[in-house]
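Engineer: Got a sequence here, can you build the structure:
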Amino acid sequence: MAGKFAGEDVVTTDSVQFRPSRPVDDAARIGFRFGAKGTHTSRTMMLAELTAVFAVTAPDVLRTRYADAIVMENCLGKTTSATRRLTNQRLGELYGLDPTIPLFRVLRRVWDLDAPGRPLAALLCAIARDPLLAATASAVLPLPSGEEFQRNTMRTALREAVGVRLNDTILDKVVRNTASSWTQSGHLDGRTFKRRRLVRATPATLAYALYLGHAAGYCGSELFTSGWCRLLDCDGAEARELALDAKRLGLVDLRISADVVTIDPARLDPATMGV
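Structural biologist: Residues are numbered from 1 along each chain as shown. The predicted model follows:
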């Protein structure tokens, strides 16, 4: 359903929560995007395009370098300049492509550290920046492994989130695009008939989920059960184990004493740690 986040209409769901309490301006400065609009009205999460752009750009380049790679050098092989410019815009909406945006800075570090985790890292970032994609989580994550995905369930979740702001034709397109994105991330499998598949988190993707959860306002042990960790198909115990692995890799600061959990994922940000 549509919810309130610091006085602004935002998309949330009953069963999967991503943004509990942080003021919207603070979250926006980190890179979160809000509202009832999203890139998935016209595109999927574009994992292949993101992979191609990152392959030809260094981790520390500026936004203009990403734009040059896409528009001027045509690293994605688009047939027209208009398509190249539009793709640059859409990728920027979904991921930022700007090292001044903390959420993107961390994505780029996790991407370069953890090749197997790239689809999940991209999904985490896209969920943070596209409220329409976030609104579909409740139609995918609760499904048991092997269960057939129901488009009508996703359509209902989206309608509840956006109200009458999208007509039926656009809403159906969003369902197709978001279902494709959940397939690209590994949560769904199949073309015409899609079925749920459980994903395998890594310490780096778990650290990114903790970073996003912390940025959204979660703290302590509730970080392990937030929607961000649920995106990785981790329950609380699994998330704790992966967080300990992430600590051993130097990705997060973590202390567990009795029932008290203290987590600081700031060291994942290369700007904070001087990486």
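
Engineer: For the stretch 51-200 of the chain, which segments count as helices?
Structural biologist: Assigned by DSSP state H, counting those that start in this stretch, the helices in the stretch 51-200 of the chain fall at 63-67, 81-95, 102-113, 118-129, 131-135, 151-162, 168-185.

Engineer: helices and strands around the fourth one, which ones?
Structural biologist: Applying 3 or more C-beta pairs under 8 Å, 6 or more residues apart in numbering; DSSP states H and E, one finds that helix 118-129 contacts helix 47-55, helix 81-95, helix 102-113, helix 131-135, helix 168-185, helix 203-216. C-beta here means a position set from N, CA and C on the backbone, and glycine is covered the same way.

Engineer: who wins for proximity to Asp235 among the helices of the stretch 51-200 of the chain?
Structural biologist: Nearest to Asp235 among these is helix 118-129; the distance by C-beta to C-beta comes to 16.0 Å.

Engineer: residues in contact with the most centrally placed residue in the chain?
Structural biologist: Centroid-nearest residue in the chain, with C-alpha atoms, centre = their mean: Leu124, separated by 2.2 Å. Applying C-beta atoms under 8 Å, 6 or more residues apart in numbering to Leu124 gives the contacts 107, 205, 208-209, 212, 228, 231.

Engineer: Now do the buried residues in stretch 233-253.
Structural biologist: Across stretch 233-253, burial judged by 16 or more other C-beta atoms under 10 Å covers 233-234, 239-240, 242-243, 245-247, 251-252.

Engineer: Could the C-alpha coordinates of that stretch be exported in CSV?
Structural biologist: Output of stretch 233-253 as CSV, limited to C-alpha atoms (Å, rounded to 0.1, in the frame of the first residue of the first chain):
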residue,chain,number,x,y,z
ASP,A,233,16.5,-14.5,0.8
CYS,A,234,18.2,-14.4,4.2
ASP,A,235,16.5,-15.0,7.5
GLY,A,236,17.9,-13.3,10.6
ALA,A,237,20.3,-16.2,11.5
GLU,A,238,21.7,-16.4,7.9
ALA,A,239,22.1,-12.7,7.8
ARG,A,240,24.1,-12.7,11.0
GLU,A,241,26.4,-15.4,9.7
LEU,A,242,27.1,-13.5,6.5
ALA,A,243,27.6,-10.3,8.5
LEU,A,244,30.3,-12.0,10.5
ASP,A,245,31.9,-13.0,7.2
ALA,A,246,31.6,-9.4,6.0
LYS,A,247,33.3,-8.3,9.2
ARG,A,248,36.2,-10.7,8.6
LEU,A,249,36.6,-9.3,5.1
GLY,A,250,36.7,-5.8,6.6
LEU,A,251,33.5,-4.6,5.0
VAL,A,252,31.5,-3.7,8.1
ASP,A,253,32.1,-3.0,11.8
